[in-house]
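J.: build me a structure from this.
(2 chains)
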Amino acid sequence: MKQWLLEIYRVWWREFRLVLRDEGVVIFFFVLCAVYPILYSLIYNTEVLRDEHIAVVDDCRTQLSRELVRQLDATPEVKVVSYAANMQEARELMRRKECYSIVHIPRDFSSSVSRGTQGHVSVYSDMGLMLRYKNMLMAITEVTQSMGARVQEDVLAPVSYGGVGLIENRQVPIGNTAMGLASAILLFILPLIIQQSMLLGIGMLHGGSIERRRKNRGYDPMAEPASVSSTIIGKMLCHQIVYVVPVVYVLHFTPMIFDFPQNADLLQSVALAVPFVIAVSFMGQTLQAFINERESVFLMLAFTSVIFVFLVGVSWPRYQMSRFWYTIGDCVPSTWMSNGYVLMQSTGASLNQISHYFVMLWLQCGVFFVLAYCVERFVSRPRYRRWQQKAEIDPDVLQRYDIVKNGVG
Amino acid sequence: MVQLVRRPMYFLMMVFVPILGSWMLMDMMKDGVIREVPVGVVDMDDSELSRKLLRNMDALQQVEIRRHYKDFTEAKRAVQRGDIMGFYYIPEDLQERALSGRSPEVSYYINYSYYPPASMQYKGFKTISLLTNGGIVQTVLRTVGMPQHSAMAALQPMVAHSHMPGNPWLNYNYYLNMSFVPCFFALIILMITAFTLGTELKSGLCRQWLATAGDNMVLALTGKLVPHAILFTVVGWFIQWMMFSVYSLPLNCNPWHMLLAMPLFVMANQGFATLMFCFTPSFRLGSTLCTLMGMLSFSFCAFSMPEEAMYPWVAAIGYMVPMKYYFLISIDQALNGIGLYYSRVYYAMLGVFIVLPLVMSWRIKHECLNPIYVP
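T.: Predicted coordinates:
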């Protein structure tokens, strides 16, 4: 037992030195965590769209229709850039991307309203981006409702006399109170940045070790002789220590800088991150089975970020995924971490309330430990032994193998 | 100088991963429209009117009532636990006030951290209130002897009708995957190209490579990348077939317009990766830059946040990657089906990305003749 703990300590210390000595790993572990959140936040930081360009086709040409257009122009959402004589002309403007929506006011608009029937307005939007359509819809709804309210008073007189009150609505956005896009997306992305930087860094460390083995007849001079479990746990402890600063920076200070919702208690979000970092460390040590050299890390791991982002449920809600994708999402630490973290930050949930996520993360720690153990014991180590045996027969075989594999192919 | 793609990893990455990834994105969102957002209700009134309102809500497609909560605090806790994404609050005096002519107020509490479901909830809740009001008004107007059709006019004297050409169902699959699937493919192309060029530089065999092409860098690059381009184009067409045929994303133009865009898109991305190597001719930096740009394209290219709402420098970076132009082409052509004339600039820009690295290739040549590998 004492021997085992000592081994853990030695692996931990060695891994620590390897991390700090390797530029590439430092970039992944620290620079990526420092820069990515800022970069992403800056992209979305404007949060909302203002003054979307629209064109108007006014076939009614009355005081009422002109007022409608003026009011539209005054909304923060849209800006009238052009009056078109007819729909053909307006469509041409849309094709040239000079406007993204068209408002068409038909000839009978104002007469219908004054007659006491409904006045109709048509809106055509470019559907390339959902936000443009939403903006246009918001502006026109607001304007028609507020202008309608004045007409309404006359028509509704009998209703009020009849002694009936209409139900009024009030929307209270909770969590993301500004209803901004950045606040909604970034909170999900932040834990993912940590996960991906860890996976890439761990993969690169392993790739470095493999390259050293190729050059040294199957031995890695930098590897500590230690049992399988102590190797894995030692490395994990090292990652845990290394990641204290990035975790606090990314999860606590980034929302502060960009004024995202920040209702989580620092201690509690760090507590949630502990099993997360452990699980990701073991996951990284499992995935390293696929890595043969330093640079292929990009190739094998970078694209997984895209997949994990979708599994988290940021653009398509998780409850509506098919059983299959839902279960796959369950297997990734970021799914639990991101959702738990978002609930904490946005609604101010306590760790106790989201204990389900917390427990699932610990469960993943266990599962990935077993997987990492299997990979190290049954894949990596037998492979090193094979290499060592081959190298004893022919000292250059591993390096030649390197060239054949990487070379002109 | 056609070379065999010998490593199984290439096959895996060039064929298997793009197809699997695209399939995943589209299969995940195949429902298209978000339905049955889990919500809660707090009915403090428990009157005839409130029960009628909730029955109507139950029938709605947008939301699904998971539970009734006895008060505000309990519902709020459920939101915090993540059981529901919002709730509808009915005050205790709803019916009383409605019947006595003092307008009651219902509130909806929506967690906007889950953005798409939140918009859907808002729509659902709003519909319910409108329907209930319609019911009230209609009854009253009938009792005072007004014609029925004026009930709606009384509620909403002016109505706006939205027309959504190309995507009238507000289908998320159409909207998101039109951009995300090709962007994912672009990421893979960028990485593979960077990796191929990078290994060439790293392994120190680049002199040999250059010699095979008769010391002509343009020829060497073309020879190296054309086999990849062919394979990628075939994969790309397969993905397009999945998009437009299997998952029936809108294709309102002549299919040839999109089929033509694919090889241009593939080669433009290869060109972009090569260009990155022209600027930073080292394996590590080149592939880092390509991966970085590939990943950030998802945000820079303005798929969800319109470019005019971004900081100008962010929008400008968007225009520096080929993905942006392919995206604009697919909006113009596949979604809106407008004339090829309006997209001419985008096609041309893809062409520029193909030619530019060939012009700049002397920089790589220089690097090939003096290879330095910094580990």
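
J.: which parts of chain A are strands?
T.: A:52-58, A:78-84, A:101-105, A:119-125, A:168-174 (DSSP state E).

J.: er, the stretch 101-250 of chain B actually
T.: Ranges of strands in the stretch 101-250 of chain B, per DSSP state E, counting those that start in this stretch, are B:105-111, B:158-163.

J.: and the ones you listed, which is most packed in?
T.: Highest mean neighbour count among those (mean count of other C-beta atoms under 10 Å in any protein chain shown): strand B:105-111, with a mean of 22. Quick note: C-beta positions are derived from backbone N, CA and C, even for glycine.

J.: now the stretch 151-300 of chain A, which segments are flagged as low pLDDT?
T.: A:153-165 (pLDDT under 70).

J.: quick check, the residue in the stretch 251-400 of chain A closest to chain B?
T.: Proximity of the stretch 251-400 of chain A to chain B (C-beta to the nearest C-beta) peaks at A:Ala349, 3.7 Å away.

J.: I'd guessed that residue sits against A:Asn339; true?
T.: No: between A:Ala349 and A:Asn339 there is no contact under C-beta atoms under 8 Å: 10.7 Å.

J.: which neighbours do these two share?
T.: Residues touching both A:Ala349 and A:Asn339 by C-beta atoms under 8 Å, 6 or more residues apart in numbering or on different chains: B:Gly82.

J.: figure out the helix or strand that B:Met295 lives in.
T.: Using DSSP states H and E, B:Met295 maps to helix B:283-300.

J.: so which elements touch that helix?
T.: In this structure, helix B:283-300 makes packing contacts with helix A:32-44, helix A:304-312, helix B:172-202, helix B:255-279, helix B:312-318, helix B:322-330, judged by 3 or more C-beta pairs under 8 Å, 6 or more residues apart in numbering or on different chains; DSSP states H and E.

J.: got the angle between that helix and helix A:304-312?
T.: Per axes from the mean of the first three to the mean of the last three C-alpha atoms, to 10 degrees, the angle that helix B:283-300 makes with helix A:304-312 is 30 degrees.

J.: buried residues, helix B:283-300. List them.
T.: Neighbour counts over helix B:283-300 (16 or more other C-beta atoms under 10 Å in any protein chain shown) mark B:283-300 as buried.

J.: how many neighbouring residues does B:Met178 have?
T.: 23 (other C-beta atoms under 10 Å in any protein chain shown).

J.: scratch that, B:Ile19 is what I was asking about
T.: The tally of other residues near B:Ile19 (other C-beta under 10 Å) stands at 15.

J.: also A:Val31?
T.: 12.

J.: ok, it to chain B distance?
T.: Look at A:Val31 and chain B: by C-beta to the nearest C-beta, to the nearest Å, they are 11 Å apart.

J.: and that residue, what's its pLDDT?
T.: Among the per-residue scores, A:Val31 shows a pLDDT of 88.

J.: what's the distance between it and B:Met243?
T.: 36 Å (C-beta to C-beta, to the nearest Å).

J.: domain parsing for the chain?
T.: The chain I'm using is chain A. According to automatic domain parsing, chain A comprises the domains A:2-44+A:180-406, A:52-156.

J.: my bad, chain B
T.: According to automatic domain parsing, the domains of chain B span B:14-29+B:171-369, B:37-155.

J.: do you know which of those domains lies nearest A:Val57?
T.: domain B:14-29+B:171-369 (18.1 Å; C-beta to C-beta).

J.: can you list the domains of chain B in a markdown table and add mean pLDDT?
T.: Formatted as a markdown table, the domains of chain B follow (pLDDT from 0 to 100):
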| stretch | mean pLDDT |
| --- | --- |
| domain B:14-29+B:171-369 | 86 |
| domain B:37-155 | 86 |
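
J.: out of these, which gets nearest to A:Ser146?
T.: Ranking those by proximity to A:Ser146 (C-beta to C-beta) places domain B:37-155 first, at 14.4 Å.

J.: and the closest one, how far out from the chain's middle?
T.: 32 Å (C-alpha atoms, centre = their mean, to the nearest Å).

J.: what's the pLDDT at A:Lys405?
T.: 48.

J.: could you pull up the residues touching residue 355?
T.: The chain I'm using is chain A. Contacts of A:Ser355 by C-beta under 8 Å, 6+ apart: none found.

J.: nope, chain B
T.: B:Gly271.

J.: next, it: secondary structure please.
T.: Secondary structure, DSSP: H, G, I helix; E, B strand; the rest coil: B:Val355 is helix.

J.: report the separation between it and chain A.
T.: For B:Val355, the distance to chain A - C-beta to the nearest C-beta - is 25 Å.

J.: what about that residue, distance to B:Ser361?
T.: 11 Å.

J.: burial count for residue 82?
T.: Unless you meant another one, I'm taking chain A. Count around A:Ser82 with other C-beta under 10 Å applied: 15.

J.: try chain B instead
T.: 20.

J.: you'd agree it is up against A:Met344?
T.: No: using C-beta under 8 Å, B:Gly82 is not in contact with A:Met344; the gap is 10.2 Å.

J.: anything in contact with each of these two?
T.: A:Ile354.

J.: just checking stretch A:72-81 against chain B, any contact.
T.: No: judged by C-beta under 8 Å from any C-beta of the partner chain, stretch A:72-81 stays clear of chain B, getting no closer than 10.3 Å.
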